[in-house]
Every structure is written in structure tokens, then in C-alpha cells.
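[1] Starting from these lines, generate the structure:
(2 chains)
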Amino acid sequence: KQEVTQIPAALSVPEGENLVLNCSFTDSAIYNLQWFRQDPGKGLTSLLLIQSSQREQTSGRLNASLDKSSGRSTLYIAASQPGDSATYLCAVEQGGSEKLVFGKGTKLTVNP
Amino acid sequence: NAGVTQTPKFQVLKTGQSMTLQCAQDMNHNSMYWYRQDPGMGLRLIYYSASEGTTDKGEVPNGYNVSRLNKREFSLRLESAAPSQTSVYFCASTLERFGNTIYFGEGSWLTVV
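    Numbers count the residues shown, from 1 in each chain, chains lettered A, B, ... in the order given. The predicted structure is shown next:
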């Protein structure tokens, strides 16, 4: 059974800092990995989608990498801002399955 | 752009009551999903519909039923609500199975007392 783990569960950083969020998964037979952002009381917003054949994706200040063989992904946020404060979730689309398997998220607080 | 729209946003039910959560998407997506999100449990798939006319069970289907009314709409029904069904429910959609960005609604907060 696929398990997705995100460490740390919470992270607090000062504004301007570069930071890395981690995601690990137990079964490397995935179609893709997605990173989402969730603001309090809101739904999930997709940030980046990395196909299994890709190594990384970039969008603005965000860069996500994927190492399928080791079962790891990282989300790099450059020059963090208070507006980046949210919970970040990663999810893998399991090969042969119809579903995304989610991690429990990392709650990020960026302090002014 | 409406995207994925869920109603109602908040609902309080008494144990044993029934209700239906409505979901509609305007992106011409084929696949639609219902998830629940609980503290410490993360998001778990309840039911999904890969295409109009098909539905399948996810990880936690017990106590729920779904209807894919047409390509746009996918409803989730609680026939006899239980306190264990207190949760936040999210509808989501994607263009096709596998390898596509998934879009979520804003959520429906359900409390069963």
C-alpha cells in the first residue's frame, strides 16, 4: 500500500528565506506527483505536477524535484513571503490505480 | 471561471438524517472525485467517476452513495448520517484519468450531531 509522508509537519521561517519541503513515498510505481497549496478554510490549489518521466518542474519562485527511484520529492520555495503561509500537500498518482494518495501536509508560516 | 463548485458550504445534520452534497464543474472534465479531509488522516478518496455513467468506490465508501448525473455534475449522498461522517468534503475533477492536474472545490463542512 502506498504511503506518503511529509516532514516536517510544521515549519516557521522569517520572510526572505529559501526553504525546502520534503515528501517521500513508499512505492515508486507512480504516474506523477503533484504539490498542492491549501489555505485555511479553502480547497486545494495545484502548484506543480511532475510526470514520472520528469525530474523537476518550475513555476515562478517554486521548484519541485522528483527522484522516483528513491521515493522522494522536494518543493523549493525561493525568497519566501508572508503570502506563502499555507499548508503544502504532496500527492502521488499511483500506477494502476484511480486515485491520488496524499501526504498529511506541511504547515508553513512565513513571518514578516 | 467557476471551476469546481460545491454546495452547501456548511451543514449541520442530526444522526440518521440524509443529505446530498452537490458538485458541478465547468471545465468539460471527464473524471470527478469526492474526498474527505480529517485531522490527522489527510485526504481520503470516497468515490470517483472516471467518465459520465461510471462510478467506483475509493478508499472509504461505506455510508455514502454517488450519482454522476451528467458530465458536469457528481453528487454525494449520505443516506443515514453518523457522527463519524463529520468532516470536510471536497469535490475534484480532472480532464482524464492519470497524469493531469486535478482541480478542487472550496469544500463542504459537515457536522453530524
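[2] Which neighbouring elements make contact with the lowest-mean-pLDDT helix or strand in chain A?
    The weakest-scoring helix or strand in chain A, judged by mean pLDDT, DSSP states H and E, is strand A:100-102 (a mean of 89). Packing partners of strand A:100-102 (3 or more Cβ pairs under 8 Å, 6 or more residues apart in numbering or on different chains; DSSP states H and E): strand A:86-94, strand B:42-49. (C-beta placed from N, C-alpha, C; glycine too.)
[3] Buried deepest among these, which one?
    Burial of the helices and strands packed on strand A:100-102 is given as mean neighbour count (mean count of other Cβ atoms under 10 Å in any protein chain shown); strand A:86-94 ranks first at a mean of 24.
[4] tell me the angle of that one relative to strand B:42-49?
    50 degrees (axes from the mean of the first three to the mean of the last three Cα atoms, to 10 degrees).
[5] and strand A:86-94, how far from the chain's centre?
    Averaging C-alpha positions (Cα atoms, centre = their mean, to the nearest Å) puts strand A:86-94 5 Å from its chain's average.
[6] touching chain B at all, it?
    Yes: residues of strand A:86-94 are located near chain B by Cβ under 8 Å from any Cβ of the partner chain, namely A:89, A:91, A:93.
[7] For chain B, what's its nearest residue on chain A.
    A:Gly43 (3.9 Å; Cβ to the nearest Cβ).
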